[in-house]
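Asks: Coordinates only, no sequence provided:
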């Protein structure tokens, strides 16, 4: 949430911005998978950077050298991964740095594939217990926070209509083969305003209701560009904006502005 105040002719304007946009924020990295067997490949994608600058994908020890630039992204990969490649990875360009993702490269016989992004409430989650030796004709037991939750044939278990209570650490076990490392499954609460919607609360404090306001409020950049323009007198405000409250010469308005995705 952004909060700031500025003054015009002795009148204050307080603005609170609530952004419910579940999108890539500024500098962001994603991984094609979070758990993999040794000798498999993993891809990292950087978004939000200026591609004309020198981007890097790295961990605490080294920079990944196998990379390619797209229109607005940079993709790097690790081929023939080993257990020593496990750990955190992030994108950086100069002083700018993204979030980090943590991958686990397993030398064992079982891994659990889970969603690489947070899952929205009400959606379904599919967990896939992978056997390094075979991909068919086996069953797997699944656990959440070390508590048994079910058995999946051919290593798959679907959880429908998830809620925040489903968030936690998951693992699976294949009899006679072994147990996977734990994998964190994150559940995201869905916004009432909807994805990609920005909520603005604007409070205008004025001395006289007859004043004419003409303000061009800020551009907010978070891969989305939001421009809100208010050009009205108080009487027109009542017609143009859905909710108006008059109390002691205070006009309180609620504006919903659709975010415009930046291509």
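Replies: Nice, I can see it. Remember, it's a predicted structure, so these values are computed and weren't measured experimentally. Residues are numbered from 1 along each chain as shown.

Asks: Give the burial count for residue 121, as a bare number.
Replies: 16 (other CB atoms under 10 Å). To be clear about C-beta, it is placed using only N, CA and C from the backbone, and glycine gets the same treatment.

Asks: With residue 115 as the reference, measure out to it.
Replies: Residue 121 is 13 Å from residue 115, where distance means CB to CB, to the nearest Å.

Asks: Distance check, residue 142 against residue 48.
Replies: 35 Å.

Asks: Which one's more surrounded, those two?
Replies: residue 142 (22 against 19).

Asks: On the three-state scheme, the more buried one is what?
Replies: Using DSSP: H, G, I helix; E, B strand; the rest coil as the criterion, the local structure at residue 142 reads strand.

Asks: wait, what's in contact with it?
Replies: The neighbours of residue 142, taking CB atoms under 8 Å, 6 or more residues apart in numbering as the test, are 127, 129, 148-152, 157, 170-172.

Asks: Name the nearest residue to residue 53, sequence neighbours excluded.
Replies: Excluding the flanking residues, the one nearest residue 53 by CB to CB, 6 or more residues apart in numbering is residue 93, at 4.8 Å.

Asks: What part of this protein, helix or strand, is modelled with the least confidence?
Replies: In the chain, no helix or strand scores lower on mean pLDDT, DSSP states H and E than strand 244-247, which sits at a mean of 31.

Asks: residue ranges for the helices of the chain, please.
Replies: Using DSSP state H, the helices of the chain run over 234-240.

Asks: Where does pLDDT dip in it?
Replies: Within the chain, the ranges that satisfy pLDDT under 70 run 1-25, 51-52, 191-263.

Asks: Break it into its domains for me.
Replies: With domains defined by automatic domain parsing, the chain comprises 2-21+192-261, 27-103, 108-190.

Asks: What's the ChimeraX syntax to select whichever of the contacts of residue 142 are buried?
Replies: Under the burial definition 16 or more other CB atoms under 10 Å, those of the contacts of residue 142 that qualify are selected in ChimeraX by:
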select :127,129,152,157,170,171,172
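
Asks: could I get the contacts of residue 142 as CSV with distance to residue 181?
Replies: Converted to CSV, the contacts of residue 142 look like this (distance: CB to CB, whole Å):
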residue, distance to residue 181
127, 13
129, 12
148, 17
149, 17
150, 19
151, 19
152, 17
157, 17
170, 10
171, 7
172, 10
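
Asks: so of the contacts of residue 142, which ones are in strands?
Replies: Among those, DSSP state E puts 127, 129, 148-152, 157, 170-172 in strands.

Asks: thought residue 104 was touching residue 34?
Replies: Yes: Residue 104 is within contact range of residue 34, at 6.7 Å (criterion: CB atoms under 8 Å).

Asks: returning to that earlier point: and the residue nearest to residue 53, what does it touch?
Replies: Here residue 93 is in contact with 27, 49-50, 53-56 (CB under 8 Å, 6+ apart).

Asks: same thing but at 7 Å, please
Replies: Residue 93 makes contact with 49, 53-56, according to CB atoms under 7 Å, 6 or more residues apart in numbering.

Asks: Which one (most neighbours) among those?
Replies: Ranked by neighbours (other CB under 10 Å), those are led by residue 49, which has 23 neighbours.

Asks: how close does that one get to residue 155?
Replies: Separation of residue 49 from residue 155 (CB to CB) stands at 37 Å.

Asks: How about residue 108?
Replies: 15 Å.

Asks: what's in contact with stretch 38-55?
Replies: For stretch 38-55, the surrounding residues in contact (CB under 7 Å, 6+ apart) are 24, 26-33, 36, 57, 69, 72-83, 89, 91, 93-94, 96, 98, 103, 105, 107, 223.

Asks: in that stretch, what's buried?
Replies: For stretch 38-55, the neighbour count (16+ other CB under 10 Å) marks 40, 42, 44-49, 55 as buried.

Asks: Next: stretch 82-89.
Replies: Judged by neighbour count using 16+ other CB under 10 Å, the buried positions of stretch 82-89 are 85-86, 89.

Asks: Dump these to TSV, plus distance to residue 176.
Replies: Listed next are these as TSV, based on distance: CB to CB, whole Å:
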residue	distance to residue 176
85	28
86	25
89	34
